[in-house]
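Q: Any chance you could fold what I've pasted below:
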Amino acid sequence: MKTLATAYAEHQALNQELLKRLETALASHAAAAAAKPNNWGYLGDLDATAGRLIEALGCLGALTPEEHEKYHV
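A: A predicted model of the protein is given here:
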C-alpha cells in the first residue's frame, strides 16, 4: 500500500518533469511563432497557457492578494 509521503513524492516529481517539458515547449513555440509573425494563434496559445498556469499557482496558494483580484482566482 502506498503511503501519503510516497504518493506526494511521486506527484512532486511528475510536476517537476512537466515544468521541464513546459520550458522546452515554450522555446519551440516561440521559434514557431517567430517563423509566422502574422499568426495571432500563437498569442492565443500563450494566453490559454498563462491562464492555466495562474490557476495552478492558485491551487498551490502561490498568488498574491493582488493577483487573486486581478485574475479572479
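
Q: So which bits of the one helix or strand residue 51 maps to are buried?
A: Here residue 51, judged by DSSP states H and E, is contained in helix 41-59. Going by neighbour count (16 or more other C-beta atoms under 10 Å), the buried part of helix 41-59 is 42, 54. Placement of C-beta: from N, CA and C, glycine included.

Q: Which elements pack onto it?
A: Counting by 3 or more C-beta pairs under 8 Å, 6 or more residues apart in numbering; DSSP states H and E, the packing neighbours recorded for helix 41-59 are helix 4-35, helix 65-71.

Q: how many degrees apart are it and helix 4-35 in direction?
A: 160 degrees (axes from the mean of the first three to the mean of the last three C-alpha atoms, to 10 degrees).

Q: Send over helix 41-59 as PDB, restricted to the C-alpha atoms.
A: Taking Å, rounded to 0.1, in the frame of the first residue of the first chain, the C-alpha atoms of helix 41-59 are listed here in PDB:
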ATOM      1  CA  GLY A  41      -2.900  32.000 -32.900                       C
ATOM      2  CA  TYR A  42       0.400  31.700 -31.200                       C
ATOM      3  CA  LEU A  43      -0.600  34.500 -28.900                       C
ATOM      4  CA  GLY A  44      -3.900  32.700 -28.200                       C
ATOM      5  CA  ASP A  45      -1.900  29.600 -27.200                       C
ATOM      6  CA  LEU A  46       0.200  31.600 -24.700                       C
ATOM      7  CA  ASP A  47      -2.900  33.300 -23.300                       C
ATOM      8  CA  ALA A  48      -4.600  30.000 -22.700                       C
ATOM      9  CA  THR A  49      -1.400  28.600 -21.200                       C
ATOM     10  CA  ALA A  50      -0.900  31.600 -18.900                       C
ATOM     11  CA  GLY A  51      -4.500  31.100 -17.600                       C
ATOM     12  CA  ARG A  52      -3.800  27.500 -16.700                       C
ATOM     13  CA  LEU A  53      -0.600  28.400 -15.000                       C
ATOM     14  CA  ILE A  54      -2.300  31.100 -13.000                       C
ATOM     15  CA  GLU A  55      -4.900  28.600 -12.000                       C
ATOM     16  CA  ALA A  56      -2.200  26.200 -10.900                       C
ATOM     17  CA  LEU A  57      -0.500  28.800  -8.800                       C
ATOM     18  CA  GLY A  58      -3.800  29.500  -7.200                       C
ATOM     19  CA  CYS A  59      -4.100  25.800  -6.300                       C
END
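
Q: Fine by me, we can end here.
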